[in-house]
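[1] I'll drop the sequence and a predicted model, then ask my questions.
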Amino acid sequence: MATINLGSIKFKWQGAYAGGTAYTVDDVVSYNGSSYICILASTGNLPTNATYWEQMSSAGTNGTDGTDLTTTLTTQGDIVYRDASGLARLGAGTSGQVLQTNGTGANPSWGTLSSDYVLLSSTTPSDANTMSIDGHFTSDYDVYKIYVIGACGRSMSGNRLSVRFNVSGTAASSNDYTFVAANFYQNSSTGFAPAMWTNAWQQTYMDVGYVTNATNSIARSDFEFTIYRPLDGNITNFQFDSMSWDGTGSFGKYNGAGNRQSTDVISGISIAPYQFGSGTLEVDNILVYGLKK
């Protein structure tokens with residue numbers, strides 16, 4: 001009975017093809033990403049020569065079907081995606097950007113995260129009699145929120161904060177302001193005081209809240225101003241809300257609304273002691289936000 005050597009009939013893996021190697025039948029090599037089996041012994045004949053080799057498996061097309069992403073992704077932070085013809089590279093965006101889709105039939109891209117409520121400015125102003133908040137109103141927004149944080153008065157002629165609108169960067173003092181406000185008061189002995197109404201017509205200022213006029217280091221007042229469509233060139237409406245604390249046991253709340261009955265374009269606001277009189281304001285921070293259209 002004939003003897004069969006099983007080792008001579010199995011495939012023999014020889015690794016990458018080498019031109020100087022003598023190959024025999026059933027030798028298997030790799031070449032350009034594909035694999036080939038020798039069907040006729042030879043030396044120096046490329047695996048693509050069908051006389052000596054038969055292809056066992058075929059390589060994909062590098063970079064378009066996932067077989068070789070190293071040719072597509074070249075830099076740390078790269079992302080691979082499919083474009084109209086195959087796999088493509090999206091290089092890293094700048095710090096803080098987000099990946100966004102551009103819809104069906106379009107490639108993804110990096111973009112800046114958008115918000116409808118945008119911080120436009122944050123400043124710590126120096127102590128002054130009058131503080132101007134200007135240069136932040138643009139056509140991108142219809143509504144603005146201005147926060148005055150930690151206000152306190154020194155040697156003021158009154159205990160209220162007054163506001164004027166700026167026109168071309170300068171506080172407008174013409175007598176076309178009108179406002180109405182309600183104020184509430186509370187301390188340990190008086191108890192809750194009912195609402196007291198304040199109103200004024202055709203003034204040169206608007207009162208928008210109490211400012212504690214004291215040397216107490218913890219006496220502070222906080223304000224929120226909402227301004228509507230300052231660039232329209234129409235009457236500019238305004239709402240305000242404030243809370244004050246005298247540092248010794250009394251606090252008050254002041255809120256209301258007002259406007260300037262003029263067609264001037266408003267560039268900002270100025271804040272000062274009562275009726276823009278004497279004294280100094282100290283403010284921890286002023287924030288300006290815009291609400292997108």
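    Right, received. Where do you want to start?
[2] what comes into contact with the helix or strand encompassing Thr178?
    Thr178 is located in strand 177-187, with elements delineated by DSSP states H and E. Residues outside strand 177-187 that contact it (CB atoms under 8 Å, 6 or more residues apart in numbering) are 164, 192-208, 210, 238, 240, 249-261. Heads up, the C-betas are built off the backbone N, CA and C, glycines and all.
[3] What distance do you get for the nearest residue to Ala41 once chain neighbours are set aside to Val180?
    Excluding the flanking residues, the one nearest Ala41 by CB to CB, 6 or more residues apart in numbering is Thr24, at 4.6 Å. The gap separating Thr24 from Val180 is 103 Å, by CB to CB, to the nearest Å.
[4] So what's the residue count around Gln239?
    16 (other CB atoms under 10 Å).
[5] can I assume it sits in a strand?
    Yes: looking at Gln239 with DSSP: H, G, I helix; E, B strand; the rest coil, it is inside a strand.
[6] which residues in the stretch 101-250 of the chain form strands?
    According to DSSP state E, counting those that start in this stretch, the stretch 101-250 of the chain carries its strands in the segments 109-112, 117-123, 131-134, 141-154, 160-167, 170-171, 177-187, 193-203, 206-210, 220-228, 236-245, 250-260.
[7] what angle sits between the longest one and strand 117-123?
    Counting by axes from the mean of the first three to the mean of the last three CA atoms, to 10 degrees, strand 141-154 points 30 degrees away from the direction of strand 117-123.
[8] Quickly list what the residue lying closest to Trp197 once chain neighbours are set aside is bridged to.
    Sequence neighbours aside, Ala182 is the residue nearest to Trp197 in space, at 5.7 Å (criterion: CB to CB, 6+ apart). Note on Ala182: beta-bridge partners by DSSP bridges are Trp197, Asn255.
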